[in-house]
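[1] predicted structure and sequence below. I'll ask about it afterward.
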Amino acid sequence: MSYVFETGTFKIQQWDMRKQDFLESAPGLGMFVTVRTYNDEVLLSKLYGPQGRFYFTSHSPGEHIICLESNSTRLVSFGGSKLRIHLEIRVGQHNLDAAIAQAKDKVNEVSFKLEHLIEQIEQIVKEQNYQRDREENFRMISEDTNSNVLWWAFAQTLIFISIGIFQMKYLKDFFIAKKLV
């Protein structure tokens with residue numbers, strides 16, 4: 001089975017009614033590119049900006065349907081709006097560079113996602129360290145409070161025992177002095 005690498009490039013130009021000419025670029029516009037085989041198998045379905053390059057690999061010979069759709073509904077609201085689409089398609093084995101470029105794009109996309117994940121991990125580690133410090137501080141305060149409560153309870157017990165002993169001695173001396181005992 002032979003595979004054929006195919007590359008397409010496109011550029012959208014929007015009609016400017018004031019200049020009565022096409023603008024060099026079409027800001028805010030984009031193209032949704034869909035590539036299907038004659039069996040209706042989708043080979044590519046992706047949203048691009050006002051210009052772009054798309055790649056797909058044909059696994060079977062025959063016709064392919066390439067559909068370019070604008071992502072904007074603004075053109076419908078202005079009756080005189082026109083679009084010019086420049087489209088270039090290269091077919092054949094000579095586009096191995098395109099496959100390499102597509103792989104580089106994929107690598108760049110993955111590296112961007114990886115950098116984003118690394119930033120998120122660093123943020124999570126910072127948050128964990130902050131929570132760990134807060135928990136350690138809370139634990140130390142709780143241990144100090146529990147220790148103070150224990151010592152206060154011990155001090156109260158000693159005070160109550162000594163007051164009790166004092167009262168018993170004082171009452172005994174009082175009763176002896178009054179000759180009640």
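    All right, it came through fine. Numbering: from 1, shown residues only.
[2] could you list the buried residues of whichever strand in the chain runs longest?
    Across the chain, the longest stretch assigned as strand under DSSP state E is strand 4-16. Buried residues in strand 4-16, counted by 16 or more other CB atoms under 10 Å: F5, E6, T7, G8, F10, K11, I12, Q13, Q14, W15. C-beta coordinates here come from the backbone N, C-alpha and C atoms, glycine included.
[3] show me what secondary structure element comes after that strand.
    Note on strand 4-16: by DSSP states H and E, the next helix or strand toward the C-terminus is strand 21-22.
[4] from the contact counts, what lies against that next one?
    Other helices and strands packing on strand 21-22, by 3 or more CB pairs under 8 Å, 6 or more residues apart in numbering; DSSP states H and E, are strand 4-16.
[5] spatially nearest residue to F10, not counting backbone neighbours?
    Sequence neighbours aside, L87 is the residue nearest to F10 in space, at 4.9 Å (criterion: CB to CB, 6 or more residues apart in numbering).
[6] in three-state terms, label the one you found for me.
    Classification of L87 by DSSP: H, G, I helix; E, B strand; the rest coil places it in strand.
[7] for the helix or strand where K169 lies, the distance to its chain's centre please.
    Per DSSP H and E, K169 falls inside helix 96-177. Distance of helix 96-177 from its chain centroid, counting by CA atoms, centre = their mean, to the nearest Å, is 30 Å.
[8] what packs against it?
    Contacts defined by 3+ CB pairs under 8 Å, 6+ apart place helix 96-177 against strand 4-16, strand 51-58.
[9] would JSON lines of the ones you listed with mean pLDDT and distance to D173 be doable?
    Below are the helices and strands packed on helix 96-177 laid out as JSON lines (pLDDT from 0 to 100; distance: least, CB to CB, whole Å):
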{"stretch": "strand 4-16", "mean pLDDT": "77", "distance to D173": "111"}
{"stretch": "strand 51-58", "mean pLDDT": "80", "distance to D173": "106"}
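[10] Throw those into CSV and include distance to N129, thanks.
    Converted to CSV, those look like this (distance: least, CB to CB, whole Å):
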stretch, distance to N129
strand 4-16, 49
strand 51-58, 43
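[11] related to what we said a few turns ago, now, which of the buried residues of strand 4-16 sits nearest E109?
    Proximity of the buried residues of strand 4-16 to E109 (CB to CB) peaks at T7, which lies at 18.0 Å.
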